[in-house]
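**Student:** Please find the sequence and the predicted model below.
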Protein chains: 2
Amino acid sequence: MTDRFRPAARMAGIAPFHVMEVMGRAQAAAAAGRDIVHMEVGEPDFATAEPIVEAGIRALREGHTHYTLALGLPALREAIADFYRRRHGVAVEPRQVVVTVGASGALQLALWALIGPGDEVLLTDPGYPCNRHFVRLAGGVPVELPVSPDTGWQPTAAQIEAALTPRTRAVLLASPANPTGAVIDREELARIAALLRERRVALIADEIYHGLIYEADTCTALACDADAIVVNSFSKYFGMTGWRLGWAVVPEALLRPVEKLAQNLFIAPPTPAQHAALAAFEPATLALLDQRRDEFRARRDLLLPALRGLGFDIPVTPQGAFYIYAGCGRFADDSSALCLRLLDEAGVAATPGLDFGPHTARTHLRFAYTTSRERLGEAIDRLGRLLA
Amino acid sequence: MTDRFRPAARMAGIAPFHVMEVMGRAQAAAAAGRDIVHMEVGEPDFATAEPIVEAGIRALREGHTHYTLALGLPALREAIADFYRRRHGVAVEPRQVVVTVGASGALQLALWALIGPGDEVLLTDPGYPCNRHFVRLAGGVPVELPVSPDTGWQPTAAQIEAALTPRTRAVLLASPANPTGAVIDREELARIAALLRERRVALIADEIYHGLIYEADTCTALACDADAIVVNSFSKYFGMTGWRLGWAVVPEALLRPVEKLAQNLFIAPPTPAQHAALAAFEPATLALLDQRRDEFRARRDLLLPALRGLGFDIPVTPQGAFYIYAGCGRFADDSSALCLRLLDEAGVAATPGLDFGPHTARTHLRFAYTTSRERLGEAIDRLGRLLA
């Protein structure tokens, strides 16, 4: 390597997304003829639901292949605002809804608009791996809030208050959370929102697993703080991962900065996906998506007792998303090494804790129940034979 | 606005993408019943070619709705590498090809990987409006290279040499260029490439209008510098704007940083678009796309003499893309005001020079010939009546 292509200094702080590495290794093994149970993948195994696919096909046939406006199709922004009214009883103006290239695009826009060099953003550890890199790319400082099973893998208002500094500009909360499936308690969320309003700190709520909640109430942060910045996605509950479509709900004061950034960074979100997504809010589609949610619940109810039975430490029942964050201290000192062993010796792909922050990395694995109950049963058998 | 949502300081330096503003105003006028000739739009008016659309529909029917690997479908990366071999006689390894969310995604990846705080990037003025913002978002310093008709709206090696400083890390060249349609001379490009290799400065070549060249040879920067970072797109020649798909060709030394960034920032480019794009390289599709290129040429040949006849100053014949960058000093002191006048009084939407950098902003408009010859004729008539 010559210094002509010396990477920018920031690259030393950008970790690879380890789940993608595991996925690549698992795909290579599968390509070489091995039977792999994929529990590393953070996306539904179902193909996109038929009414959404058909709407996408219709849009293509009708020639909807040009750019839309940078903030998205007006009809889609209206449909999303309407969804908040119907599902959550929360008033959202269509102009506050920004359609984005996945939730990744929404997070980029929110952080770029708000965060500058030296600004601190509080993030849970464990948490979604890319968030701390988004903060760093914006020049900000990700400050870890270690969370544990003692508080249901979610931070408390008291913990956040203790972590606030004059440099704190935002707190990023995810509910349901990746990798723990933890849903934040409604009263605690209200306390956090009140604290952050008072301290003039932005609340960024990652709600991309909304809709995949099995026990708790689904409560959007907008119900507690009308000025919350909400990030959501068509990937998970709506099953549209590969289409790359998400949205943000943005307070009035950030709309113009976010629009300027969206124009410059992305031009517009994918058009066929936007037309397809219009069908996602139809009652027949939602009924289908709720059936899929029920299937995820059934998988959780199969996998959770089985993993506990094998000796994995899972003190808190995950209430949402499609992940089980399992303590594996009984089996190994290093979850990354265990992950490779499970893949190589049992043909079971999981994700090492390393992806989700240092706090619990070495003692935890994430199992995604994004494969059929039959295959989950197979994985349980294989893990049983290897770890017995 | 409260300080809770005080935008990051960088936002003051991020201009809106003015063409999007003009487009919004023009769409509002059209929605109000006015007949507007759209010459502001930087995208082909044609819907995506049928073989590409059909491939997209087939992919959707087959359930290709999941994430791909972060760098894209292997088959697509191979097809793009093969295209360089066939069209340009240049050897590109598939592993060097990074499929991205539009050329915008490719530029983000290249600049994030390479550019840090204080690093200088040379950019032409006029040039694509978002580039300087991409550089700023990476913490870098965009340094303008003013170009003029005297050098065919492209920089020379001598000019670049004079602008290099110890902080220069990259030079971004576009050919064909937006807004001028200027194609860089092959010998000059070779001189620039040799200079930059010697000075250990990266060459980033924006080739998103490749394929839409009407007279000059199409020469990829890779023919002059095997280590050039090339940014390209399925939007323009391939007519896939709304699908949001592009690519970069990346030197070996930057592959790993770019992959880490792609995983974190984007997860993966849109899957239906990637499958659709596989059909773009088939001979029957390319024949269709070449017909469309010929139609663009015919439009240029209609519009260029007409604009000159009206008194617009266009000393250099644009050789590619679908833009004419027209001097309007004879009609107004301020091209932005003229732009609004053309829209409001003649129903002709063009883009003010302001989008493309300060150097020639006040005295130039960009006309895009992305509408039919009939509509271009209508625009010429209207401009003639207004400006006579």
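**Tutor:** Thanks, I have it.
**Student:** other SSEs contacting the longest helix belonging to chain A?
**Tutor:** Counting residues, the longest helix found in chain A (DSSP state H) is helix A:283-310. Applying 3 or more Cβ pairs under 8 Å, 6 or more residues apart in numbering or on different chains; DSSP states H and E, we find helix A:283-310 packed against helix A:50-61, strand A:323-327, helix A:373-387. Yep, even glycine has a C-beta here, placed from its N, CA and C like the rest.
**Student:** In whichever strand or helix holds A:Leu145, which residues are buried?
**Tutor:** Per DSSP states H and E, A:Leu145 falls inside strand A:141-146. Within strand A:141-146, the residues that count as buried by 16 or more other Cβ atoms under 10 Å in any protein chain shown are A:141-145.
**Student:** if you look at it, does any of it touch chain B?
**Tutor:** No. Shown here: strand A:141-146 not in contact with chain B (Cβ under 8 Å from any Cβ of the partner chain), separated by at least 12.7 Å.
**Student:** and that strand, what's its mean pLDDT?
**Tutor:** When pLDDT is averaged over strand A:141-146, the result is 96.
**Student:** Direction included, what does it pair against?
**Tutor:** strand A:120-125 (parallel) (DSSP bridges).
**Student:** Quick one: name whatever helix or strand follows the partner strand.
**Tutor:** Going down the chain from strand A:120-125, the next helix or strand is helix A:129-137, by DSSP H and E.
**Student:** just the CA coordinates of that next one, formatted as CSV?
**Tutor:** Extracted C-alpha coordinates of helix A:129-137, given in CSV (Å, rounded to 0.1, in the frame of the first residue of the first chain):
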residue,chain,number,x,y,z
PRO,A,129,-23.3,-1.9,15.9
CYS,A,130,-23.4,0.8,13.3
ASN,A,131,-24.8,3.5,15.6
ARG,A,132,-21.5,4.4,17.2
HIS,A,133,-19.9,4.6,13.8
PHE,A,134,-22.6,7.0,12.5
VAL,A,135,-21.9,9.2,15.5
ARG,A,136,-18.1,9.1,14.8
LEU,A,137,-18.5,9.8,11.1
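**Student:** what is the orientation angle of it with helix B:129-137?
**Tutor:** 90 degrees (axes from the mean of the first three to the mean of the last three Cα atoms, to 10 degrees).
**Student:** now whichever residue of the stretch 251-388 of chain A sits closest to chain B: how far from B:Pro251?
**Tutor:** The nearest approach of the stretch 251-388 of chain A to chain B comes at A:Thr271, 3.1 Å away (Cβ to the nearest Cβ). Applying Cβ to Cβ, to the nearest Å, the value for A:Thr271 to B:Pro251 is 32 Å.
**Student:** When the two are compared, which one has more neighbours?
**Tutor:** A:Thr271 (25 against 20; other Cβ atoms under 10 Å in any protein chain shown).
**Student:** Quick check on that one: phi, psi?
**Tutor:** For A:Thr271, the backbone dihedrals (degrees, to the nearest 10) come out as phi -70, psi -50.
**Student:** quick one: it and A:Leu69 touch, right?
**Tutor:** No. The pair A:Thr271 / A:Leu69 is not scored as a contact, 10.6 Å apart, by Cβ atoms under 8 Å.
**Student:** Near A:Asp344, how many other residues are there?
**Tutor:** By the measure other Cβ under 10 Å, the count of residues near A:Asp344 is 12.
**Student:** Oh, that last question was meant for A:Glu62, not what I typed.
**Tutor:** So A:Glu62, with other Cβ under 10 Å, has 10 neighbours.
**Student:** Torsion angles phi and psi at it?
**Tutor:** Backbone phi and psi, for A:Glu62 under degrees, to the nearest 10, turn out to be phi -90, psi 0.
**Student:** how close does it sit to B:Ala47?
**Tutor:** Look at A:Glu62 and B:Ala47: by Cβ to Cβ, they are 9 Å apart.
**Student:** Sketch out the helices for chain A, chain order is fine.
**Tutor:** A:18-31, A:50-61, A:74-83, A:102-114, A:129-137, A:157-163, A:186-198, A:252-266, A:271-278, A:283-310, A:335-341, A:373-387.
**Student:** List the contacts of A:Val183.
**Tutor:** A:154, A:175-177, A:213, A:215-216, A:319-320 (Cβ atoms under 8 Å, 6 or more residues apart in numbering or on different chains).
**Student:** List the buried residues for stretch A:57-75?
**Tutor:** Quick answer for stretch A:57-75 (16+ other Cβ under 10 Å): A:57-60, A:64-73.
**Student:** Stretch A:299-309 now?
**Tutor:** A:299-300, A:303-304, A:306-307.
**Student:** Dump those into a markdown table; add pLDDT as well.
**Tutor:** Output for the buried residues of stretch A:299-309, formatted as a markdown table (pLDDT from 0 to 100):
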| residue | pLDDT |
| --- | --- |
| A:Arg299 | 98 |
| A:Arg300 | 98 |
| A:Leu303 | 98 |
| A:Leu304 | 98 |
| A:Ala306 | 98 |
| A:Leu307 | 98 |
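**Student:** what sits against the residue nearest to the spatial centre of chain A?
**Tutor:** For chain A, the residue nearest the mean C-alpha position is A:Ile208 (5.2 Å; Cα atoms, centre = their mean). A:Ile208 makes contacts with A:103, A:174, A:231-233, A:235-236, A:246, as judged by Cβ under 8 Å, 6+ apart.
**Student:** Top of those residues by number of neighbours, please.
**Tutor:** Busiest of these [other Cβ under 10 Å] is A:Val231, holding 31 neighbours.
**Student:** you'd agree that one is up against A:Tyr209?
**Tutor:** No. Judged on Cβ under 8 Å, A:Val231 makes no contact with A:Tyr209 at a distance of 11.1 Å.
**Student:** And the pLDDT at the residue nearest to the centre of chain A?
**Tutor:** Reported pLDDT for A:Ile208: 97.
**Student:** same question, A:Glu188
**Tutor:** 96.
**Student:** Look at it and say how many residues are nearby.
**Tutor:** Neighbours around A:Glu188, by other Cβ under 10 Å: 19.
**Student:** go on, A:Asp217?
**Tutor:** 10.
**Student:** for the stretch 101-250 of chain A, which spans come out with low pLDDT?
**Tutor:** A:216 (pLDDT under 70).
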